[in-house]
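In: please find the sequence and the predicted model below.
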Amino acid sequence: MKIPLDSKGVSMHDYYTETQCSWCDGCGDYGVWTATKRALAELGIAPHNVLLCYDVGCNGNGADKINAYTVHGLHGRVISLAAGAKLANPELPVMAFGGDGASFSEGVGHFVHAFRSNYPITFVLHNNANYGLTTGQSSSLTWQDQAMNTAPNGMPEHTLNSMDFVFSLEPTFVARGFSGNIDQMTEIFKAAIQHRGFAFVDILQACPTYNKFATHDYLLEKCHDISGDGHDTSDFAAARALAVDTSERIATGILYQREDLPDFYERLVPRQGKKTTAVDEVEIQSVKGLCKDFI
Ligand code: SF4
Ligand code: MG
């Protein structure tokens, strides 16, 4: 991805805003928020040269906690917002953030087609295995039989195998991180932002207020950084097996990547050969004549 040229000398401080964070103590949102700012600064992307799109959820309350262009959209719709902005201005790095509830229930349709389309955006899944903002409802990724506020006798449905689902969608970039490992998340985000196509990043995130099963300590113990293991990130079958089998340990890092496939924008025939982007072509038109028909 081409990084905008007027972005030299960027620091994390450029992303600072005085708006106070409202997340609970120990929330994994702090880690993702910090790694996002760090990744953007280390890539030399200035706040005015990036768009950060937030879904509804605790993570979405980060939209005003970072000094950049941000959009806080409707529940489950963040991918469509982000993809639309990117297609209008393909030079702009675009990141989208959404939770496990929104991504695998309300917004699952958008989620599926983002992989099919290979939109050139980064999607960060805040995976805390529950709906935190609505006070501990079970989501598709809550562990089966786990008692939650909306399932006091234990969640009766089986847990969606999210990584197996993701790999069934023929992804071009899959990574997994842990909200307690900011160094690793930073490197993953930097790679994701520069990926050619749809970059899916699953962040296993602590929610100490409502998730009493996959806690920070549990994730700290179980997550394993595969970067030194000689894993071949172009090996689809090996990556899928690593991603899905979490029985002994949870593999983290970049699991799979291919960059030989064109992204959605590159496939758009009407845009091919154009020297301008859609945002360059916007013209202010008077709608007075149109309105007359409705008065
Ligand atoms: Fe974070 Fe959970 Fe609190 Fe939401 S409810 S702010 S996800 S700890
Ligand atoms: Mg959640």
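Out: Sure, I can see it. Residues are numbered from 1 along each chain as shown. Ligands and ions are numbered 1, 2, ... in the order given.

In: so what's the residue count around the residue of the chain found nearest ligand 2?
Out: Residue of the chain nearest ligand 2, by CB to the ion: Gly99 (3.6 Å). The way it works is simple: take the backbone N, C-alpha and C, and place the C-beta from them, glycine included. By the measure other CB atoms under 10 Å, the count of residues near Gly99 is 33.

In: ditto for Val112
Out: 15.

In: how about the residues of the stretch 1-150 of the chain that lie near ligand 2?
Out: Gly99, Asp100, Gly101, Asn128 (CB under 5 Å from the ion).

In: and these near ligand 1, which?
Out: Asn128 (CB under 6 Å from any ligand atom).

In: adding secondary structure and pLDDT, write the residues of the stretch 1-150 of the chain next to ligand 2 out as TSV.
Out: As requested, these are exported to TSV (DSSP: H, G, I helix; E, B strand; the rest coil; pLDDT from 0 to 100):
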residue	secondary structure	pLDDT
Gly99	strand	98
Asp100	helix	98
Gly101	helix	97
Asn128	coil	98
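
In: which one (most neighbours) among the residues of the stretch 1-150 of the chain next to ligand 2?
Out: Highest neighbour count within those, by other CB under 10 Å: Gly99, with 33 neighbours.

In: what residues does the stretch 1-150 of the chain put near ligand 1?
Out: Trp23, Cys24, Cys27, Asp29, Cys58, Asn128, Gly132.

In: thought the last one was touching Gly57?
Out: So the one you mean is Gly132. Yes. Here Gly132 reaches Gly57: they are 6.8 Å apart, a contact under CB atoms under 8 Å.

In: mutual contacts of these two, please.
Out: Contact criterion CB atoms under 8 Å, 6 or more residues apart in numbering; residues shared by Gly132 and Gly57: Gly99.

In: on that earlier part again, where's the residue of the chain closest to ligand 2 relative to Glu106, distance?
Out: Look at Gly99 and Glu106: by CB to CB, to the nearest Å, they are 10 Å apart.

In: and Asp263, by the same measure?
Out: Per CB to CB, Asp263 is found 25 Å from Glu106.

In: looking at those two, which one has more neighbours?
Out: Summary of the neighbour comparison: Asp263 and Glu106, criterion other CB under 10 Å, with Asp263 having more neighbours (21 against 18).

In: which strand or helix spans the residue nearest the centre of the chain?
Out: The centroid of the chain falls nearest to Val124 when counting by CA atoms, centre = their mean (1.6 Å). Taking DSSP states H and E as the criterion, Val124 maps to strand 122-127.

In: weed out the non-buried ones from the residues of the stretch 1-150 of the chain next to ligand 1.
Out: Buried by 16 or more other CB atoms under 10 Å: Trp23, Cys27, Asp29, Cys58, Asn128, Gly132, out of those.

In: so the fifth one sits against Gly31, correct?
Out: It stands for Asn128. No. Counting by CB under 8 Å, Asn128 stays clear of Gly31, with 11.5 Å between them.

In: hmm, back to that, which one is the residue of the chain closest to ligand 2 nearest to, not counting chain neighbours?
Out: Among residues not flanking Gly99 along the chain, Gly57 sits closest, at 3.9 Å (CB to CB, 6 or more residues apart in numbering).

In: is that neighbour in a helix, a strand, or coil?
Out: Following DSSP: H, G, I helix; E, B strand; the rest coil, Gly57 is assigned to coil.

In: distance of it from Thr159?
Out: Applying CB to CB to Gly57 and Thr159 gives a distance of 19 Å.

In: residues contacting Arg196?
Out: By CB under 8 Å, 6+ apart, the contact list for Arg196 reads Met1, Pro120, Thr172, Glu259, Leu261, Pro262, Asp263.

In: ok, Thr246 next?
Out: When contacts are counted by CB under 8 Å, 6+ apart, Thr246 is found next to Lys222.

In: so that it lines up with my notes, have the first residue be 542 from now on.
Out: In the new count, where the first residue is 542, that last one comes out as Thr787.

In: and Gln561, helix, strand or coil?
Out: Assigned by three-state DSSP, the conformation of Gln561 is coil.

In: what strand or helix carries Tyr782?
Out: To be clear, residue 782 is Ala; Tyr isn't right here. Using DSSP H and E, Ala782 falls in helix 777-785.

In: state the mean pLDDT of whichever helix or strand comes after that helix.
Out: Note on helix 777-785: by DSSP H and E, the next helix or strand toward the C-terminus is strand 791-798. Strand 791-798 carries an average pLDDT of 98.
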